[in-house]
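**Q** With the input below, show me the fold.
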Amino acid sequence: MHTEIRWMSRGKCLERFFALRAEIPVFLEDTIQCDTSAYCAKLRNTDFLLDMAFLADITSHLNHLNMRLQGRCQTVSDLYAHMNAFVTKLTLFKDGFSADRPNLAHFPSCEEMRKDAPECEKTLPKYRADIETLQQQFKKRFQDFHTMQPRIELFTNPLSAAIIEQPPELQLEMCELQDFALSMASMFGSTYICESNFSMMKHIKSRERNRLTDETLFHLMQIGCTNVDIDIQSIVQQQERPQVSH
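**A** Sure thing, here's the model as predicted:
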């Protein structure tokens with residue numbers, strides 16, 4: 001029976017309806033008194049079921065975005081990041097449907113249809129146009145966010161924001177701020193790195209190896225810093241092999 005339900009619940013109902021796509025025609029034929037042949041034929045039509053599978057999957061992605069946009073303690077930059085991430089996902093989805101063998105890793109219902117009816121794989125690329133339409137709708141609906149993008153970037157990461165895109169009254173201050181940030185980032189917060197390297201040097205250039213040159217010591221310390229695993233046993237075996245005279 002028809003009832004008014006929220007958007008999120010509609011998406012769940014659609015997923016459940018697709019999951020019961022084989023049982024619903026049987027229920028209609030065995031239980032309903034009136035003629036349901038038209039509905040049953042529709043629910044056994046591969047093209048109709050494939051459309052329903054795509055709608056269930058894309059609605060699930062939209063519901064996930066809807067959930068991320070809800071809740072408290074979210075700034076406009078957080079909302080912009082969620083929306084921008086979804087736009088990137090749409091590009092991924094579109095590219096997946098344009099391949100010779102569509103990538104349905106993010107569309108489980110469509111993947112089920114491909115397993116049940118392999119012949120439907122030829123019609124899967126048609127959904128690329130639907131995803132492009134969705135991209136255009138997002139671009140139009142959220143164009144205010146794109147206009148605010150330089151200001152959002154300034155708010156979230158002022159130390160790497162493009163200065164030329166910011167208001168003129170802030171550009172000189174940002175130059176000084178970013179130069180200051182670079183100078184602070186280049187300073188070592190402690191002597192840990194220096195002390196650890198000095199300890200490594202003392203371990204390498206011990207009393208028994210006091211004839212090491214500075215160049216050799218430098219190369220050995222580089223090996224120690226890069227955590228290179230050296231097969232000492234193979235080297236020893238190579239040295240123990242008899243040398244061939246020339």
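
**Q** how much space between S98 and S160?
**A** As judged by Cβ to Cβ, to the nearest Å, S98 and S160 stand 34 Å apart. The C-beta positions use only the backbone N, C-alpha and C, and glycine is treated the same way.

**Q** ok now stretch 77-92, how far from the chain's centre?
**A** Relative to its chain's centre, stretch 77-92 lies at 10 Å (Cα atoms, centre = their mean, to the nearest Å).

**Q** Check stretch 159-170 too.
**A** So, by Cα atoms, centre = their mean, the centroid of stretch 159-170 is 28 Å from its chain's centroid.

**Q** and F93, how many neighbours?
**A** Summarising burial for F93: neighbours were counted as other Cβ atoms under 10 Å, giving 23.

**Q** Please disregard the earlier target; I meant P102.
**A** P102 has 20 nearby residues by other Cβ under 10 Å.

**Q** repeat for R114
**A** Neighbours around R114, by other Cβ under 10 Å: 19.

**Q** List the residues that contact it.
**A** Contact analysis of R114 by Cβ atoms under 8 Å, 6 or more residues apart in numbering lists L104, C120, E121, L124.

**Q** and D100, which of the three is it?
**A** Secondary structure, DSSP: H, G, I helix; E, B strand; the rest coil: D100 is coil.

**Q** before we move on, the earlier item: mind picking the two most distant members of the contacts of R114?
**A** Largest separation among the contacts of R114 by Cβ to Cβ: L104 and C120, giving 11.1 Å.

**Q** So which of those two has more stuff around it?
**A** Shown here are L104 and C120; by other Cβ under 10 Å, L104 has more neighbours (22 against 16).

**Q** could you list every residue that touches L55?
**A** L14.

**Q** what's the average pLDDT for the helix or strand it falls within?
**A** Per DSSP states H and E, L55 falls inside helix 46-69. The average of the pLDDT scores along helix 46-69 is 93.

**Q** buried set for the helix or strand just after that helix?
**A** Going down the chain from helix 46-69, the next helix or strand is helix 76-97, by DSSP H and E. Neighbour counts using 16 or more other Cβ atoms under 10 Å place Y80, M83, N84, F86, V87, L90, F93, K94, G96, F97 of helix 76-97 among the buried residues.

**Q** and stretch 154-171, how far from the chain's centre?
**A** Mean-position distance between stretch 154-171 and its chain equals 26 Å (Cα atoms, centre = their mean).

**Q** That one: which residues count as buried?
**A** Applying 16+ other Cβ under 10 Å to stretch 154-171 flags L154, P158, A161, Q166 as buried.

**Q** Same check on stretch 134-146?
**A** Residues of stretch 134-146 classed as buried by neighbour count (16+ other Cβ under 10 Å): L134, F138, F142, F145.

**Q** List the contacts of the third one.
**A** Contact analysis of F142 by Cβ under 8 Å, 6+ apart lists M83.

**Q** low-scoring stretches of the chain, by residue?
**A** The model of the chain has pLDDT under 70 over residues 1-8, 187-190, 224-246.

**Q** ok so, going back, hey, what's the angle from the helix holding L55 to helix 76-97? Just curious.
**A** 160 degrees (axes from the mean of the first three to the mean of the last three Cα atoms, to 10 degrees).

**Q** Dump helix 46-69 to CSV, restricted to CA.
**A** Extracted C-alpha coordinates of helix 46-69, given in CSV (Å, rounded to 0.1, in the frame of the first residue of the first chain):
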residue,chain,number,x,y,z
THR,A,46,15.5,-8.0,-18.2
ASP,A,47,15.7,-4.4,-19.3
PHE,A,48,13.3,-3.3,-16.6
LEU,A,49,15.1,-5.2,-13.9
LEU,A,50,18.4,-3.7,-15.1
ASP,A,51,17.0,-0.2,-14.8
MET,A,52,15.8,-1.0,-11.4
ALA,A,53,19.2,-2.4,-10.4
PHE,A,54,20.9,0.8,-11.5
LEU,A,55,18.4,3.0,-9.8
ALA,A,56,18.8,1.0,-6.5
ASP,A,57,22.6,1.4,-6.7
ILE,A,58,22.8,5.0,-7.6
THR,A,59,20.2,5.8,-4.9
SER,A,60,22.3,4.0,-2.3
HIS,A,61,25.2,6.3,-3.2
LEU,A,62,23.0,9.4,-2.9
ASN,A,63,21.7,8.2,0.4
HIS,A,64,25.3,7.8,1.7
LEU,A,65,26.0,11.4,0.6
ASN,A,66,22.8,12.5,2.3
MET,A,67,23.9,10.9,5.6
ARG,A,68,27.3,12.6,5.4
LEU,A,69,25.7,16.0,4.9
